[in-house]
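Chemist: With the sequence up front, the predicted model follows.
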Amino acid sequence: QKEVEQNSGPLSVPEGAIASLNCTYSDRVSQSFFWYRQYSGKSPELIMSIYSNGDKEDGRFTAQLNKASQYVSLLIRDSQPSDSATYLCAVNMNSGGYQKVTFGIGTKLQVIP
Amino acid sequence: KAGVTQTPRYLIKTRGQQVTLSCSPISGHRSVSWYQQTPGQGLQFLFEYFSETQRNKGNFPGRFSGRQFSNSRSEMNVSTLELGDSALYLCASSYSGVSTDTQYFGPGTRLTVL
């Protein structure tokens, strides 16, 4: 089992729809969760961070965390073609006494005009 | 505020050689982390330096090493290069570290090993 799992996609949604991106993780004691967006040929940039169970909203983006189910998701409302990118889920984990951030493989999102 | 800078942007090396990559963090940031990104494995954490000390590390062999200077600039060294080391190497800086803080990524160094 991978430490952070994401469906690599591509996930195709029509413009204006809600895109739902999902991520599961293996470490029950993880406390910090991040969503990064990476455009092709560019570096990742942070969209959202979430630390507590529930929803966190920022503009068109909502991050959802369920620690009991070890599940974190990102919803993008009113999807735009400019949202087309790869979305990386990242989870802080403890490994052998060290803290590290583990990224999922990323989900490629395509927003169709 | 200037972003994270990495040099060089592109490198071509042959097997067995060694390489040093450089990263300058955002001013005021004390944490620098290094990542390897490949199409098959995605983004993998190498290590984190904070105030000149390696604070965290991932699961990479000892051929991968790094250091951080008093001005927070960091270097990563890969010795005895292998074909599988071909990747995009990204560094990221943050104020307090990978555990809780936003990381800002540099543009990366594309390493090709022939």
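Modeler: That came through fine.
Chemist: How about A:S49, nearest residue that isn't a chain neighbour?
Modeler: A:F34 (5.0 Å; Cβ to Cβ, 6 or more residues apart in numbering or on different chains). The C-beta positions use only the backbone N, C-alpha and C, and glycine is treated the same way.
Chemist: Contacts only, for that neighbour.
Modeler: A:F34 is in contact with A:L46, A:M48, A:S49, A:I50, A:C89, A:A90, A:V91, A:V101, B:T102, counting by Cβ atoms under 8 Å, 6 or more residues apart in numbering or on different chains.
Chemist: pLDDT score for it?
Modeler: Looking at A:F34, its pLDDT is 94.
Chemist: repeat for A:A68
Modeler: pLDDT, A:A68: 94.
Chemist: Next, count neighbours for it.
Modeler: Look at A:A68: counted by other Cβ atoms under 10 Å in any protein chain shown, it has 7 neighbours.
Chemist: Please name the bridge partners of the residue most central in space within chain B.
Modeler: By Cα atoms, centre = their mean, chain B has its centre lying nearest to B:W34, at 3.0 Å. Beta-bridge partners recorded for B:W34 (DSSP bridges): B:F47, B:C91.
Chemist: how far away is it from B:T112?
Modeler: 18 Å (Cβ to Cβ, to the nearest Å).
Chemist: And B:C91, by the same measure?
Modeler: Taking Cβ to Cβ, one finds B:C91 at 18 Å from B:T112.
Chemist: Could you do A:V101 as well?
Modeler: Distance from A:V101 to B:T112, by Cβ to Cβ: 26 Å.
Chemist: and what of B:R15?
Modeler: 11 Å.
Chemist: same question, A:D78
Modeler: For A:D78, the distance to B:T112 - Cβ to Cβ - is 40 Å.
Chemist: rewinding a little: which one of A:V101 and B:T112 has more residues nearby?
Modeler: For A:V101 versus B:T112, neighbours defined as other Cβ under 10 Å are more numerous around A:V101 (23 against 13).
Chemist: Quick check: bridge partners of that one?
Modeler: Residues in beta-bridge contact with A:V101 (DSSP bridges): A:N92.
Chemist: Do I have it right that it meets B:S33?
Modeler: Yes - taking contacts as Cβ atoms under 8 Å, A:V101 lies within contact range of B:S33: 7.4 Å.
Chemist: Return every residue with contacts to both of the two.
Modeler: Common neighbours of A:V101 and B:S33 (Cβ under 8 Å, 6+ apart) are B:F45, B:V98, B:Q103.
Chemist: Of those residues, which are in range of chain A?
Modeler: B:F45, B:V98, B:Q103 (Cβ under 8 Å from any Cβ of the partner chain).
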